[in-house]
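Participant: what follows is a predicted protein model with its sequence.
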Amino acid sequence: MTMSTPLETELETNKALIESFYAAFQTKDYSAMAACYHPEAYFRDEAFELTGKQPGAMWHMLCERGTDMALTYSVSIQNGKVTAHWEPTYSFSQTGRFVHNIVDAEFEFKDGKIIKHIDRFNFWSWSRQALGLPGLLLGWSGFLQKKVSTMAMGNLMSFIKKHDQYQ
């Protein structure tokens, strides 16, 4: 029987936290997802750059809007870091178009919570599915990505104004 080092134990604990995060996402339990974040959390993906309570608000908004969302995921430890690969399928609320996104996530932790969460996905692939022809023609451009990000952040700020727990 081999003993785990403190680092290995910490990595396994953090991996379990991320597994519970995505399990909560599968059931749209946005409160459990938000509870995984440190109060000083930072989140970034192709559409959002968020801090503090904002990541929890974003997941709340996406869970409410993603009524037909389904999700598969895997969590692993690679090179001393906890990572996840997740694939949501859903109808994009703005267009009704079906999206199958492929996302890779990296995490950092503080006090047993997520302090940094970076999601990466192919924006052009996402925009072709979500937006149709405009995404196909302009999804490679910084212009469309900035426009989508500005719209997404505006939607989130409106959502936060209606939900006191995120202010």
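Facilitator: Structure's in. What do you need?
Participant: quick one: buried residues of stretch 140-160?
Facilitator: Judged by neighbour count using 16 or more other C-beta atoms under 10 Å, the buried positions of stretch 140-160 are 144, 145, 148, 149, 152, 153, 155, 156, 159, 160. Placement of C-beta: from N, CA and C, glycine included.
Participant: nearest to residue 71 among these?
Facilitator: Distance to residue 71 across the buried residues of stretch 140-160 (C-beta to C-beta) is lowest for residue 152, with 18.8 Å.
Participant: could you look up the SS state of the closest one?
Facilitator: helix (DSSP: H, G, I helix; E, B strand; the rest coil).
Participant: pLDDT value on it, please?
Facilitator: The per-residue pLDDT reported for residue 152 equals 94.
Participant: so the closest residue to it other than its chain neighbours is in which element?
Facilitator: Distances taken as C-beta to C-beta, 6 or more residues apart in numbering put residue 47 closest to residue 152, at 4.3 Å, once the chain neighbours are dropped. Using DSSP states H and E, residue 47 maps to neither a helix nor a strand.
Participant: contacting residues for residue 47?
Facilitator: 145, 148, 149, 152, 153 (C-beta atoms under 8 Å, 6 or more residues apart in numbering).
Participant: show me which of those is closest to residue 64.
Facilitator: Relative to residue 64, the closest of the contacts of residue 47 is residue 152; by C-beta to C-beta it sits at 14.5 Å.
Participant: from start to finish, how long is stretch 85-102 in a straight line?
Facilitator: 8 Å (C-alpha to C-alpha, to the nearest Å).
Participant: in the lowest-mean-pLDDT helix or strand in the chain, what's buried?
Facilitator: In the chain, no helix or strand scores lower on mean pLDDT, DSSP states H and E than helix 133-138, which sits at a mean of 84. For helix 133-138, the neighbour count (16+ other C-beta under 10 Å) marks 135, 138 as buried.
Participant: what are the C-alpha coordinates of that helix, in CSV please?
Facilitator: Extracted in CSV, the C-alpha atoms of helix 133-138 (Å, rounded to 0.1, in the frame of the first residue of the first chain):
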residue,chain,number,x,y,z
LEU,A,133,-24.4,32.3,-41.9
PRO,A,134,-23.1,35.3,-40.0
GLY,A,135,-21.1,33.0,-37.8
LEU,A,136,-19.8,31.1,-40.8
LEU,A,137,-18.7,34.3,-42.5
LEU,A,138,-17.5,36.3,-39.6
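Participant: and it, what does it pack against?
Facilitator: Packing partners of helix 133-138 (3 or more C-beta pairs under 8 Å, 6 or more residues apart in numbering; DSSP states H and E): helix 123-131, helix 142-161.
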